[in-house]
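# A structural model of the following input is requested.
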Amino acid sequence: MQGSPSTDHKKRSGDPIIDTRKPSVPSPDTESTKITPIKGGWFKKAICGIFGPERAEVHNPDSKAVGQVTEPWSVLRDIFPMDDKAVVARLHAMLAEKDAAIAALQQEIHRLSNDIQSSTKVARREHPMTPVIHVVEDGGATVQNRMGRHASVATSNVLSNIPSQRTDELCPRMINMFKAPLDFVDYLKSPRFARDILRLAKRACPIFENEPRCLFLQSPAYVFGDIHGNLEDLNFFADNIWKLGVPLTAGRFLFLGDYVDRGMSGLECIAYLLALKIQNPEKIYMLRGNHELRDVNGWEEHYGERSFLWQCRDRFGEEMGIRVWEEVNQVFDRLPLCGVIDHDVFCVHGGIPRPIPGSNNRIQDILMVPSVAGVNPPNELETFETQQVASDCLWSDPARGDQERYLDDTGFGESLRGGGAICFGQKAIDDFLEQNQLSYIVRGHEAHAEGVSISKGARVFTVFSTSKDHGQGNKAMAGCILVDFDQIQVINRSVRYKNKFVHKRNSISLAGLSGSALDLRAKLGLVVSPEHTDEGEEDFEEYEDGNDGKK
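Numbering: from 1, shown residues only. Next comes the predicted model:
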């Protein structure tokens, strides 16, 4: 009969007599403690958990079945030939071992969690030393001195063996020219300036060509919209955002395109930005805008003296002017199309591209655009699909409220610009952000008097970084955005911020200049006529019939 062992079962010598009908387990503190009998299934699980399944498989003396546990204490006696107190002590010791193992596993989980967080939030980088001290002079200028002049012999030897960074006069000259253009008036019309731009273009081409068509950046990052040859507004950002220079300013700087045309200082602006890129390839990033296309920046009939091609020819003559224009456009052909900050903020000049049939990843579609792309007109490396993706990135706009009902089922439709440009509505925005696990779109391409505007359910930012030449009036502001970890900050230039270099022809500050000097500065865009104003100026590139979508 299955149950308690028979009372006449022969006991081993020295075994205590246990009343199996009323089992008791001695505690560490008392001789005995009454407990309720444990059912076989529960007790077997406990034994398996403590000793392992192989130790719990025991024979019942009254049954041929294997693994059927009857009374706890008889099982323990079969497993361990020891007295009651020894068994209890053994159980406590094994439980203590398991507690220690659990604690060790918890510590390992905590360590691994910290490792995962540190590896995903902060990328490990090497930091080779630059043995230079930057001394800030009165007025904000910086001077570089060699570090370690008073160091020990051992330290001095280490510092002296650190290779110096490659430096020449080209990039510093471009930066100095941009900061003080009035001191470089003759240079800006000279063949030397043309040759310097050609050298900049040659150095910049491989840098941009080796970058992916979609950049992936970490914050903090400043994002700038259209510049359009506006020397004053770009100088405002240089004086206030990277006052000590780009190398000494934390974060990255992302420009969304449209560097030339409309303003009179397109050559100065692009030369300055290329110099910054060459000096700081891991901090300065430049995207392509629709004005970085030949059929736009070469449209002299439309923009006249504000065309980039016209300015190149006027400054450097027919032959050299066309050469400079083409070499700079070679750089434009290699500019990336978009950027993503913190895997959360999508940045582009125009807007999001339409879906490509058979593809469900538009970031990947952008990455497939050739690293050298003409777009309009395309080159032999481009397909219809890659040309469409690139064109949409450069030209598209958010749909206005009254356009939403005319969009297709994917949320895209024809833009009011015409010329094949498209617009994207709320559905297209929501689908794009959800599919790519993004939160915001930051773009340029459209003029706004407030510098930065927000639309489409507060998910689309439009950044415009020039306050002139777009018919926004005398109260227009130039703006930029700072993406700073978990915050997005807007920075604008106040309308009360005074110009440093561009003045009206009747300004008192120009009273001592001759007529020829005034004419030269006027050709460089440093002197404007008294009646020149943006108030009421026709914004002739927006929605004009027959402009082929150009902006």
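
# need phi/psi at residue 345.
Residue 345 adopts backbone torsions of phi -120, psi 120, taken as degrees, to the nearest 10.

# tally of neighbours for it?
Residue 345 has 22 neighbouring residues, counting by other Cβ atoms under 10 Å. Heads up, the C-betas are built off the backbone N, CA and C, glycines and all.

# all helices for the stretch 401-550 of the chain, in order.
426-435, 515-523 (DSSP state H, counting those that start in this stretch).

# worst average pLDDT in these?
Lowest mean pLDDT of the helices of the stretch 401-550 of the chain: helix 515-523, a mean of 86.

# now do that one: which elements does it pack against?
Here helix 515-523 touches helix 185-188, strand 527-528, going by 3 or more Cβ pairs under 8 Å, 6 or more residues apart in numbering; DSSP states H and E.

# now the shortest one: how far from the chain's centre is it?
Strand 527-528 has its average C-alpha position 38 Å from the chain's average C-alpha position, going by Cα atoms, centre = their mean, to the nearest Å.

# packing partners of it?
strand 503-504, helix 515-523.

# same question for the longest one.
In terms of contacts (3+ Cβ pairs under 8 Å, 6+ apart), helix 185-188 is packed against helix 515-523.

# quick check: buried residues in the helix it packs on?
520, 521, 523 (16 or more other Cβ atoms under 10 Å).

# and residue 490, how many neighbours does it have?
Neighbours of residue 490 (other Cβ under 10 Å): 15.

# ignore what I typed, I meant residue 263.
Quick note: residue 263 (other Cβ under 10 Å) scores 27 neighbours.

# number of nearby residues for the nearest residue to it once chain neighbours are set aside?
Nearest residue to residue 263 in three dimensions, chain neighbours excluded: residue 229, at 2.8 Å (Cβ to Cβ, 6 or more residues apart in numbering). Residue 229 is flanked by 28 other residues according to other Cβ under 10 Å.

# three-state assignment of residue 229?
The local conformation at residue 229, judged by DSSP: H, G, I helix; E, B strand; the rest coil, is coil.

# about what we covered before: may I see the buried residues of helix 515-523 arranged in CSV, with distance to residue 468 as well?
CSV is the format used below for the buried residues of helix 515-523 (distance: Cβ to Cβ, whole Å):
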residue, distance to residue 468
520, 21
521, 17
523, 17
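
# any idea what the closest residue to residue 490 other than its chain neighbours is bridged to?
Distances taken as Cβ to Cβ, 6+ apart place residue 452 nearest to residue 490, at 4.7 Å, with adjacent residues excluded. When assigned by DSSP bridges, residue 452 has beta-bridge partners residue 463.

# my read: residue 452 touches residue 481, true?
Yes - Residue 452 is within contact range of residue 481, at 6.3 Å (criterion: Cβ atoms under 8 Å).

# can you list residues touching both of these two?
Here residue 452 and residue 481 have 461, 463, 490 as joint contacts, going by Cβ atoms under 8 Å, 6 or more residues apart in numbering.

# now those in CSV, with distance to residue 98?
As requested, those are exported to CSV (distance: Cβ to Cβ, whole Å):
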residue, distance to residue 98
461, 56
463, 60
490, 57
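
# from those residues, which is closest to residue 413?
residue 461 (21.5 Å; Cβ to Cβ).

# so the nearest residue to residue 451 once chain neighbours are set aside bridges to which residues?
Using Cβ to Cβ, 6+ apart and skipping residues adjacent in sequence, the residue nearest residue 451 is residue 479, 2.5 Å away. Counting by DSSP bridges, residue 479 forms beta bridges with residue 492.

# report the contact partners of residue 479.
225, 450, 451, 452, 463, 464, 465, 490, 491, 492, 493.

# read off the pLDDT value for residue 252.
98.
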